[in-house]
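*Asks:* generate coordinates for the sequence data below:
(chains A and B)
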Amino acid sequence: MPFKRPLSSNLSMPMTPLEELRHSCSHVLATALLRVFPDAKLDIGPPTDTGFYYDVDLEHKLTTDDLARLEAEMKKIADENQAFTRKEVSRDEAIAIIQGIGQERYKLGRLADIPEGEKISFYQNGEFVDLCAGTHVRYTSKLKAFKLLSIAGAYHRGDEKNKQLQRIYGTAFPSKDELANYLTQLEQAKLRDHRKLGRELKLFHIDEDVGQGLILWTPNGAVIRQELQTFISEELRKQGYHQVFTPHIGKLELYKTSGHFPYYKESQFSPVIENDSLARAIGENCACGEVFARLEAVSGKLRESINQRTGREAITADRVRPDDQLLDGFMLKPMNCPHHIKIFASQPHSYRDLPVRLAEFGTVYRWEQSGELNGMTRVRGFTQDDAHLFCTEEQVAQEVLGCLSLVKIVLTTLGMQDYRVRVGLRDPDSNKYTGDAANWDKAESACREAAKTLGVPFTEEPGEAAFYGPKIDFVIKDVIGREWQLGTVQVDYNLPIRFDLSYIGADNAAHRPVMIHRAPFGSMERFCGVLIEHFAGDFPTWLAPEQVRLVPISDKTLDYARGLLARLKAEGLRATLDEHSDKLGAKIRRAELDKVPYTLVIGQKEAEAQSVSVRSRARGDEGVMTADAYIAKVKAEIAARALPDKKKAAPASP
RNA sequence: GCCAACAUAGCUCAGCUGGUAGAGCAACGCUUUCGUAAAGCGUGGGUCAUCGGUUCAAAUCCGAUUGUUGGCUCCA
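*Replies:* Predicted coordinates:
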């Protein structure tokens, strides 16, 4: 859950009334916790965007039954109508109070976080005292509508090296109605979860035997992906991109040159070692550790050239091995850039050629932690709608702008208006970045300027940059409020140096191009996952796996329906015919549950008049029209990539 | 990877404290030929995630493994 406030008790901003309410709930939760479990050691309990939590260190493993107990105790505390009182104390007094209540384990550390000179305050309600800057409601009776939701593990201070505490999540609202509203909203949201819809609408499948986080696109999902790819390919042609294809693997040396191996090996699949090389290593009795060391080793020549070009100790001496000790292998590509770079470098370029824009729906593989995998939105193999632009320094700002406008076209066409833009800048305190500071400054300001032109609010986020350059990310929320990064535009001054890229300028001298990485969808998998939730499975006709369902009223009109089906298919429409011997109502119901945009009802009247009775999923019964008129209408709708009309009132629950 | 919960038919789920598996929907067959969200009857389908243990007996208890879910950490 996103939590934007600083976690220290030093809150620079005053709390909103809702945050105050929720934070007060945290304290009441802590009060209840200590009543039920007197040995609980408390950490912190802030409000969040959607509620509140309290982190607690407790021998007893909390269960959902405990949640009910705690909630009942919280209700009692609210009924006791305890007053929240504030007391400011000196640091020594604070230590004494914390020791007095036996909460030294975490609270002393939290106290130490408060800078010298800041006020130190405690809040008390009933018997419970907590180090806290506030603020709070005046009385616990103000807390009328709260609910404990879940228990989760959370590392103390968010550091996986620390002890994992138990976090109790809850939410609270000013009124019972608002709380009930929120809870039904949560239920509603679950109905459009892409994992649920993906199964129901047969869009994708993840199979245990194939592997975690590996998406199998079933026929219906494949249609959506294919339509999206066609759509974006059209836009790319308009904007002067060239389509390329590259393989799924590349030699380790390639990634040693780019710097992605071994520095990011934690998030990569292990290298694939050739049979011969492996046999040789085994023949030399290499232990496992030695095999890995040889895989990671580089030649003196590579080290020298990279270090010279980057002007720093990019590859340290200890990684160098004599050539006969280098073990070669292949990597499943974790990104497409090196392959595209090699295409660019395969021929000389004049400044007149630039920008060179190479695009590919490129599949990449990343070793994500198992706990992070999530349906289509976090996977281990995915296809980026990737492109790399090679341009001059002067063209950077213009090209970044072009990339942003592409992202905007995509999101507008799909009706996705609710997104935020994040400009990722480097963390000034970190040294993980490559490339020199002057170039970084230039790239960062180009991104900032481009983002300003979008007309959408954006935030600058230090530390969010890629290791090779600053970036602009488009972030969209899923149905349960989790944020996912989709489109991205990243400036890169680093890889052109590492790969020694050049072009010939007007001055007849070699110059270094700048690279821009960009992917408007981000990945087809994540984008489709978010898209399923965005449309709740009700795809616009151009994307719908099945666009038209023919529903004959009885077998008597089957022949006409079959002829019509053949015609619709010949017109390029994705149509099917329901040949079940059910009543009309049942066939309509089935088409609605399958979320087919158009159902054509065909009875005697229609067969005689060569017409169809059109039922739109979005707009209901649209009456009878000739088959010709219908075909023209739906083809126009598809060609325009029209969005579905406003939903009619929800039907009786299925 | 960590904490916790969960895993029974294609799907949604029942099966209490151990006595060898059940419903609805879906599928298939027959009857019905129907005008805008569910016609009737019948049939088939499960090594209860996997492996091991306890027991006369395990879907049920215990352990491991795999996977899923919610968080945490991570995301070039």
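
*Asks:* for the most centrally placed residue in chain A, what are its contacts?
*Replies:* Centrality entry for chain A: nearest residue to the mean C-alpha point is A:Trp484, 2.3 Å, by CA atoms, centre = their mean. For A:Trp484, the contact set (CB atoms under 8 Å, 6 or more residues apart in numbering) comprises A:377, A:475-478, A:526, A:529-530. From N, CA and C alone the C-beta is placed, and that goes for glycine too.

*Asks:* count of residues packed around whichever residue of chain A sits closest to RNA strand B?
*Replies:* In chain A, the residue that lies nearest RNA strand B is A:Gly371 (2.1 Å; CB to the nearest atom of the strand). By other CB atoms under 10 Å, the residues close to A:Gly371 number 7.

*Asks:* try A:Val489
*Replies:* Neighbour count of A:Val489, defined by other CB under 10 Å: 28.

*Asks:* same thing with A:Asn431?
*Replies:* 6.

*Asks:* just the one 10 residues further on next, same as before
*Replies:* Residues contacting A:Asp441 under the criterion other CB under 10 Å number 13.

*Asks:* try A:Phe128
*Replies:* Going by other CB under 10 Å, the residues that sit close to A:Phe128 add up to 20.

*Asks:* thinking it is in contact with A:Ala30, fair?
*Replies:* Yes - contact criterion CB atoms under 8 Å: A:Phe128 and A:Ala30 qualify, at 6.3 Å.

*Asks:* circling back to that earlier point, now for the contacts of A:Trp484: which two are most distant?
*Replies:* Spatial extent of those (CB to CB) is set by the pair A:Val475 and A:Gly529 at 14.3 Å.

*Asks:* ok, these two, which is more surrounded?
*Replies:* Using other CB under 10 Å, the more surrounded residue of A:Val475 and A:Gly529 is A:Gly529, with 27 against 16.

*Asks:* ramachandran angles for that one?
*Replies:* With angles defined as degrees, to the nearest 10, A:Gly529 sits at phi -60, psi -50.

*Asks:* ok, the closest residue to it other than its chain neighbours to A:Lys75 distance?
*Replies:* Distance criterion CB to CB, 6 or more residues apart in numbering; nearest residue to A:Gly529, sequence neighbours excluded, is A:Met376 at 3.3 Å. From A:Met376 across to A:Lys75, the span is 40 Å (CB to CB, to the nearest Å).

*Asks:* ditto for A:Ile101
*Replies:* Using CB to CB, A:Ile101 is found at 24 Å from A:Lys75.

*Asks:* number of nearby residues for the closest residue to A:Ser613 other than its chain neighbours?
*Replies:* Nearest non-adjacent residue to A:Ser613, counting by CB to CB, 6+ apart: A:Val601, 4.1 Å away. Neighbours of A:Val601 under the rule other CB under 10 Å: 22.

*Asks:* show me what the helix or strand containing A:Val601 is packed up against.
*Replies:* Here A:Val601 sits within strand A:598-602, counting by DSSP states H and E. On a contact count with 3 or more CB pairs under 8 Å, 6 or more residues apart in numbering; DSSP states H and E, strand A:598-602 meets strand A:548-552, helix A:558-570, helix A:584-593, strand A:611-616.

*Asks:* helices and strands around the helix or strand following that strand, which ones?
*Replies:* Using DSSP H and E, the helix or strand that follows strand A:598-602 towards the C-terminus is helix A:604-609. For helix A:604-609, the packing partners by 3+ CB pairs under 8 Å, 6+ apart come out as strand A:611-616, strand A:620-626.

*Asks:* hmm, back to that, just tell me which of the helices and strands packed on strand A:598-602 ends up closest to A:Cys132.
*Replies:* A:Cys132 sits nearest to helix A:584-593 of all those, at 51.3 Å, using CB to CB.

*Asks:* any buried residues in that closest one, and which?
*Replies:* A:587-588, A:590-591 (16 or more other CB atoms under 10 Å).

*Asks:* any chance of these in CSV, plus distance to A:Asp207 and pLDDT?
*Replies:* Listed next are the buried residues of helix A:584-593 as CSV, based on distance: CB to CB, whole Å; pLDDT from 0 to 100:
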residue, distance to A:Asp207, pLDDT
A:Lys587, 32, 96
A:Ile588, 33, 96
A:Arg590, 27, 95
A:Ala591, 29, 96
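
*Asks:* also near RNA strand B: which of those residues, exactly?
*Replies:* Restricting the buried residues of helix A:584-593 to those adjacent to RNA strand B (criterion: CB under 7 Å from any atom of the strand) gives A:Ile588.

*Asks:* and of the buried residues of helix A:584-593, the nearest to A:Ile343?
*Replies:* Of the buried residues of helix A:584-593, the one sitting nearest to A:Ile343 (CB to CB) turns out to be A:Ala591, at 46.6 Å.

*Asks:* how does chain A divide into domains?
*Replies:* Domains of chain A are assigned by automatic domain parsing as A:17-184, A:225-246+A:336-535, A:267-329, A:548-639.

*Asks:* close to RNA strand B, is the first one?
*Replies:* Right, the one you point to is domain A:17-184. Yes - against RNA strand B, domain A:17-184 shows contacts by CB under 7 Å from any atom of the strand at A:61, A:63, A:150-155, A:158-160, A:164, A:166-167, A:169.

*Asks:* of these, grab the buried ones for ChimeraX.
*Replies:* Buried subset of the residues of domain A:17-184 next to RNA strand B, written as a ChimeraX selection, criterion 16+ other CB under 10 Å:
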select /A:151,154,166,167,169
